[in-house]
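S.K.: Take this sequence and fold it.
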Amino acid sequence: MKIVEVDLKRGILVVHIENVDDLYVLTSFIKGGDLVKARTSRRLKIREGESVRKTMTLTLEVDKISFHEFGERIRIHGIIREGPEKFVSLGSYHTINVKIGDTITIIRPDGLTEEELEPIREAEKLSEHKPILLLAIEEGEATIGILTSYGLKIYSNIRRNVSSKDNPKEYDSLLKAFFSEIIGIINELINQYDPIALIIAGPGFTKEHFKNYIERKLNKPLNIVVDNVTSGTEAGIYEIIRRGTPDKVLQEQRVSKETALVQEVIMHLSKKDNLVVYGLDEVEKAVSYGIVRTLLISMDLLKTPEEEKREKILKLIKLAKSFRSEVHLISTLHPTGKQFLSLGGIAAILRYPIKK
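M.R.: Reported below is the predicted structural model:
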């Protein structure tokens, strides 16, 4: 997610949506009574039996919001408060579909706090990811790119004659020389950029042979993902991105981190070592003592309709940060996140045990 503008006093937040996780975060963040301004389309009757769909910008006072994971969109239903009066009746109802790539404005009439913005800031940090190395490879041609939060840079294109038809006796040595040249460049990029993953993609079996060849020759262990694209050219690199493979890698990284945190909570509970507390009241007590190392809160708790409970959780986040506790918001888009919600959705890993 990209924060385009924020004004806490006026309660204005403008965000650009970059992935499905951003949509989920916004579902938790936006609440009834907020104003949401976005581009939408509305069917207009032009004459009896005829209508036309027109695109316009509307501001809705939010009544309901729902997240559609498989459709990769959120639906915001509410009362039209601003819009072209030539085409809409102010006070009537409308539903805005918000999807990846959209930019929307959220206005909270009573103002915003930094604690309320915590999920949005977290989503923005995730978008500023460590680089991912991209390799499109086929027999005799490879293109290497580096994908950062600022964009894609094509780093190198390598072409070698390694055809088994032309050189059947020398094929193995030619292929190894081809692979070695690619590995040399990849290791340079690892030293320079410290990437979190390497995506190897291409047609045929060359990508699999290269993955097997490279695993023990990297300067540092890397998460390696294999995918299918149609060529080892620059077009293959762009195909990797179009297929959404880097987004999947980043999402898996987040899920992996959240899963490890929840498993740590469960491990301490099973050991009964008094290094974990859960439930809002017990966690609140531990935070106030300043002994919380890590605070875990389910994203679903932040969209509770109980205003008092929501405010309590936001104050808890602020207090925990004042004691330098880590705060992690746990998604329910994966099984471990759902398991955590079933435990109450709030827990704290302590710096040292509470004496009973």
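
S.K.: Let's verify the closest residue to residue 259 other than its chain neighbours: helix, strand, or coil?
M.R.: Setting aside the residues directly before and after it, residue 259 is nearest to residue 336 in space (Cβ to Cβ, 6 or more residues apart in numbering), at 4.3 Å. For every residue, glycine as well, the C-beta is placed using N, CA and C. What DSSP: H, G, I helix; E, B strand; the rest coil gives for residue 336 is helix.

S.K.: what bits of this structure have low per-residue confidence?
M.R.: Where the chain drops to pLDDT under 70, the residues are 126-128, 149-150, 163-168, 356.

S.K.: ranges for the helices of the stretch 1-150 of the chain?
M.R.: 20-29, 118-127 (DSSP state H, counting those that start in this stretch).

S.K.: Out of the ones you listed, which is closest to residue 81?
M.R.: Between residue 81 and the helices of the stretch 1-150 of the chain, the tightest spacing by Cβ to Cβ is seen for helix 20-29, at 19.0 Å.

S.K.: who's in contact with the closest one?
M.R.: 1, 15, 17, 65-67, 69, 72-74, 98-100, 104, 106, 116, 119-120, 122-123, 126-127, 247, 251, 254, 299-300, 302-303, 331, 333 (Cβ atoms under 8 Å, 6 or more residues apart in numbering).

S.K.: Which of those are buried? Put it as a PyMOL command.
M.R.: Buried members of the contacts of helix 20-29, defined by 16 or more other Cβ atoms under 10 Å, are picked up in PyMOL with:
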select buried, resi 1+15+17+65+67+73+74+98+104+106+116+119+120+122+123+126+127+247+251+254+299+300+302+303+331+333
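
S.K.: can I get the helices of the stretch 1-150 of the chain in JSON lines with distance to residue 204?
M.R.: Shown next, in JSON lines, are the helices of the stretch 1-150 of the chain (distance: least, Cβ to Cβ, whole Å):
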{"stretch": "helix 20-29", "distance to residue 204": "31"}
{"stretch": "helix 118-127", "distance to residue 204": "34"}
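
S.K.: what's the most buried one of those?
M.R.: helix 20-29 (a mean of 22; mean count of other Cβ atoms under 10 Å).

S.K.: Using CSV, write out every CA atom in stretch 251-268.
M.R.: Extracted C-alpha coordinates of stretch 251-268, given in CSV (Å, rounded to 0.1, in the frame of the first residue of the first chain):
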residue,chain,number,x,y,z
GLN,A,251,2.8,-12.8,0.8
GLU,A,252,4.4,-16.2,1.8
GLN,A,253,7.2,-14.3,3.6
ARG,A,254,4.5,-12.4,5.7
VAL,A,255,2.5,-15.6,6.3
SER,A,256,5.7,-17.4,7.4
LYS,A,257,6.6,-14.7,9.9
GLU,A,258,3.1,-14.5,11.3
THR,A,259,2.9,-18.3,11.6
ALA,A,260,6.2,-18.4,13.5
LEU,A,261,4.9,-15.8,16.0
VAL,A,262,1.6,-17.6,16.6
GLN,A,263,3.4,-20.9,17.0
GLU,A,264,5.7,-19.3,19.6
VAL,A,265,2.6,-18.2,21.5
ILE,A,266,1.2,-21.8,21.4
MET,A,267,4.6,-23.3,22.3
HIS,A,268,4.8,-21.1,25.5
